[in-house]
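# Following is a predicted model, sequence given first.
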Amino acid sequence: MERTQNMSTATLLVISFLVCLVQAYAQEVPIEETLQRGVMAVETVRRAVDEKLPPSAEARQEGTEILASFQQSLKSCEEQLRKTRLVSEYNTCVSTLQGLALASIGELAGQHWAKSGASRPTLFW
């Protein structure tokens, strides 16, 4: 009887260990695949700079500065992802930074289009 109980306990421990391994493997997310979210966000911000700002040198320079700041901030998100492997936190970080960058570009576009006296090609995006 005691041998059966020891065997059952050992079996239960092995099964528990295997379940933990399977769960850990299932939660493993490829970092490089996750980082594509940041690459797409950079492209979105770059496109907004190109499409929404007037062609003046001043507006383009300020837009380029917003893009550079955005890219620098994304590096912090990437470093955190590599440390913690928390994909949801990375996605939140990228989304927040992208929203702030796009809002900055929108405000900048409004200021520069108003200065130029021309109407904006698209008022709302």
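Structure's in. What do you need?
# May I ask you to name the longest helix in the chain?
When the chain is parsed with DSSP state H, its longest helix is helix 87-116.
# Please identify the buried residues of that one?
Of all the residues in helix 87-116, those buried under the rule 16 or more other C-beta atoms under 10 Å are 87, 90-91, 93-94, 97-98, 101-102, 104-105, 108-109, 112-113. For the C-beta atoms, the positions are set from N, CA and C on the backbone; glycine is no exception.
# again with stretch 59-66
Ala59, Glu62, Gly63, Ile66.
# what sits against Gln71?
Residues near Gln71 by C-beta atoms under 8 Å, 6 or more residues apart in numbering: Val42.
# Tell me, what's the model's pLDDT at it?
If you check Gln71, the pLDDT there is 97.
# again, but for the one 4 residues further on
Lys75 is assigned a predicted lDDT (pLDDT) of 96.
# how close does it sit to Leu35?
To Leu35, Lys75 is 11 Å away according to C-beta to C-beta, to the nearest Å.
# Can you identify each of the helices in this protein by residue range?
Assigned by DSSP H, the helices in the chain fall at 2-27, 31-34, 36-52, 57-84, 87-116.
# how close does Phe70 get to Ser76?
Look at Phe70 and Ser76: by C-beta to C-beta, they are 11 Å apart.
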